[in-house]
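> Show me the folded form of this:
(chains A and B)
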Amino acid sequence: MSYLLSILSLKVLFPLLLSMAFGVFVGAMPGLTATMAVALIIPLTYYMEPLTGLAMVIGVSFTAIFAGDIPATFLRIPGTPASGAAVLDGFEMNKKGKGALALTLDLFCSALGGLIGVLILIFTAPPLAEVALKFTHFEYFWLGVFGLSMAAVLSRGNTIKGLLSALFGLLISTIGIDVTTGYPRFTFGITELMDGVSFIPAMIGLFGISEVLKRLSFRESLDLPSVKINGKLDVLEALKLMYRNKFIIIRSSLIGTFIGALPGAGADIAAWVAYGAEKSLSGNEIGSGSPRGVIAPTSANNAAIGGTWIPALALGIPGDSITAIVLGAMLMYGLKPGPLIFAQSKDLVYQIFAVALLVQIMLLPVGWLGIKAFSRLVSLRAGVVMSAVVLFSMVGSYAIRNSVFDIWLMALFGLLGYVMEKINMPLAPMVLALILGRMIEDNLRIGLIKSGGSIIPFLTRPISLILFSLIVLTLLGPSIWKVVRKLKD
Amino acid sequence: MKKLLWVVVLAVMGFTWVFTLSAWAAYPEKAVTVICPWGAGGGTDRLARFLADELSKKFGQPFTVVNKTGGGGAVGHAAGAYAPPDGYTITIVTLELATMHWMGLTDLTYEAFDYIAQVNEDAAGVTVKADAPWKNLKELLDDIKANPGKLLFSGVAAGGIWDLARIGMLHAAGLPVDSVKWIPSTTGAAQALTELLGGHVHVVTCSLAEAAPYIKSGQARALAVMADERLPAFPDVPTLKELGINWSAGTWRGVGVPKGTPAEIKKKLEDAIIEIANSEAFKKFMETNGFGIKVRRGEEFRKFVEEQDKAWKTVLELGGYLKK
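Numbers count the residues shown, from 1 in each chain, chains lettered A, B, ... in the order given. Got it, this is the predicted structure:
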């Protein structure tokens, strides 16, 4: 309690509020990521006290991951990579005129998911970090495969086209330098492709630009407002839905926190796994504008932020790219993240916890203002909004690494997404394969180097075995269940 | 008529000369771009931002850092090398400039740059987990000799600097380079150190600066450093040379400009960077970041890069990374 009071001073709260406002902006702008926001803020914080600096980083990261879901819902463009999964049902709800409800759910679930993640961080950081350390290439391989198996779940009812979409994504993910040999593959001498196809421009193109192209095919719709907003958030309805689906929130937040705590996986994968878990458990209604399809990924991605701090504080190991920057900054402040930080800088650690809790509460008003501002913008004429979307998609694709090449890449993926939707091929499996393809391949091949070419460790290590069994259960579970029921009859 | 033409030509030449001179004298009269070939928030980025800040103060014009990443450093270095040679684009050049063209990743070589100054050098280390069985480097090397192919080394992707440092060390110690396995790390030292702490690899050869937080917290131990002399921050860690292995390796960072940049501008920049590198603020910045300071002036820096370019070719060939 005294720690909570100690952070309630103007020199912490004012910068925190500023950073959260900045986070809304960065998160809602496609292409500007939470990681970039943190990298921009860190140099400023060298002139501040460590607590103020860390408060700003915490404020901006939680807010940006939430705000990434705003354009995902209104415009079908994920504001940050972590909002990829939130696009699907959020945008469908918006099309049905329930955009405000989707965003209210998003805001509350982000805050609640964040809160659960932070509580797990506070109470179980050291032991959970030890579990995360047990993960190595063998386990990350199965985690990737588990994530990818969601592609099958996501394309239920349209299996052939869904799997084709996933395979195409996997093919694209093989572009770039092969880390095990240092040799470039499928780059055709283009330097910009050495690190592979940039994921963010690809996602902006696939989801955002393809939607703009689709709208362009109906000229008359461009004169209408792009979003119908009734002006107020559906608080009561959202709370009712959340109460009814409380277990989904808890399950998604647990999944999110745990995946966030793994140094090899972050908020984007967390959101997809939570979404996929929800879809495989509650059936086909997810994907066509179900509130549950909004609740699961938005709880998970904010919970993952708390998760990423677990190995960072307990072991000094970054849980994602944001905590990697934070660890560098902590050294600058003269702090030593790792097992000793709880003894040496106990006050500061508890103050960090207090700030993280406070951010979840402050997220409600700040996020509400963000939604308000954004819905004002997008309720202009669709023609105006769509032009702005194209402009911001270009800026965002360029900004990620200051590369004109990425703008062309984004445009190409926009065209691809448009064509794929025309022929009824789902986009989500391809995005999933783009995120996970590299992770699966690298971990498989590096694992095989480690084991001298043997696949035994992939099956005999305890955590590997558990993950493998989970995959088998997810894929074969429904069929086995059917057989069992038949035998009973 | 002819005379008049001559007068005009001479006058124009004269004016041009005067104006260019005064332009040099006034450099910089607009914002300068500082290209960082690596991502925001990393070590090179932090150094770039510090230098840019100090240069802005010194010259009264903004020096803005632009991260041009990709291609293992190739994209940023190329952007810096092929910018107009007018002093308004400077680049933080890193060791990869001397290795990536040998691997066939780019056509760009060190010769595309003029060199202003080097400011940093971080030696590779030999770091093991705190509870590892080897007390010193000799025990580790004996183990490798007795059980070739058993131990797992990591630090960076295949063909990256810490892989090359490992290859050079084994070669200098008279061991075959494939007597240990290299486990590529996709995100550099951070992932390799995570694997080390988890007990999934045995040795990490990243810089001692990168391993420092874990060594200081007692989670890891350094058996040796691949430097010519012991590092001030680690006085107890012996060099390979002390142990009879003639090998040192590490990364370095400095400032370069496109070839053909006017000498006056280069001189101005060199003087400014050297002044910054001698300042207390710089020493403090490098210390808190765990970076090693190594200052070489322009010409000396160019010679050093030239030597590096030759030295790494041999090591890349040993590792089978040289593109024929």
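> from here on, contacts and neighbour counts on C-alpha atoms
Noted.
> any chance you could map the strands in the chain?
Here I'm looking at chain A. Remark: strands assigned in chain A by DSSP state E are A:176-178, A:183-185.
> meant chain B, my bad for not saying
Taking DSSP E as the test, the strands found in chain B are B:32-36, B:63-67, B:89-94, B:113-123, B:125-129, B:152-154, B:181-183, B:203-204, B:220-225, B:250-258, B:293-297.
> and the closest residue to residue B:297 other than its chain neighbours, how many neighbours?
Using C-alpha to C-alpha, 6 or more residues apart in numbering or on different chains and skipping the chain neighbours, the partner closest in space to residue B:297 is residue B:117 (4.7 Å). Neighbours of residue B:117 under the rule other C-alpha atoms under 10 Å in any protein chain shown: 29.
> And residue B:117, how far from chain A?
24 Å (C-alpha to the nearest C-alpha, to the nearest Å).
> now stretch A:469-483, how far from the centre of its chain.
27 Å (C-alpha atoms, centre = their mean, to the nearest Å).
> residues making contact with it?
Contacts to stretch A:469-483, defined as C-alpha atoms under 8 Å, 6 or more residues apart in numbering or on different chains, come from residues A:145-146, A:149, A:280.
> what do you get for stretch B:26-42?
For stretch B:26-42, using C-alpha under 8 Å, 6+ apart, the contacting residues are A:36, A:39, A:325, A:328, B:44-46, B:48, B:52, B:59, B:61-70, B:73-77, B:79-80, B:87-93, B:265.
> on that earlier part again, closest to residue A:455 out of the contacts of stretch A:469-483?
residue A:145 (15.0 Å; C-alpha to C-alpha).
> so what pLDDT did that closest one get?
You'll see residue A:145 listed with a pLDDT of 90.
> Find the nearest non-adjacent residue to it, please.
residue A:440 (6.5 Å).
> Verify the stated contact: the one you found with residue A:137.
No. At 9.1 Å, residue A:440 does not count as touching residue A:137 under the criterion of C-alpha atoms under 8 Å.
> Let me have the contacts of stretch A:469-483 in TSV, extended by neighbour count and distance to residue B:296.
Converted to TSV, these look like this (neighbours: other C-alpha atoms under 10 Å in any protein chain shown; distance: C-alpha to C-alpha, whole Å):
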residue	neighbour count	distance to residue B:296
A:145	21	49
A:146	22	51
A:149	21	54
A:280	19	61
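> what's the closest of those to chain B?
Using C-alpha to the nearest C-alpha, residue A:145 is the member of the contacts of stretch A:469-483 that sits closest to chain B, with 18.1 Å.
> What's the local residue count around the closest residue to chain B within the stretch 151-300 of chain A?
In the stretch 151-300 of chain A, the residue that lies nearest chain B is residue A:194 (4.4 Å; C-alpha to the nearest C-alpha). For residue A:194, the count of nearby residues is 27 (other C-alpha under 10 Å).
> quick one: contacts for it?
A:175-177, A:184, A:187, B:70-72.
> Could you tell me how far stretch A:437-457 lies from the centre of the chain?
Worked out by C-alpha atoms, centre = their mean, stretch A:437-457 lies 25 Å from the chain centre.
> List the buried residues in it.
A:437-450, A:457 (16 or more other C-alpha atoms under 10 Å in any protein chain shown).
> from these, which ones fall inside helices?
A:437-450, A:457 (DSSP state H).
> What separation do you get for residue B:249 and residue B:311?
10 Å (C-alpha to C-alpha, to the nearest Å).
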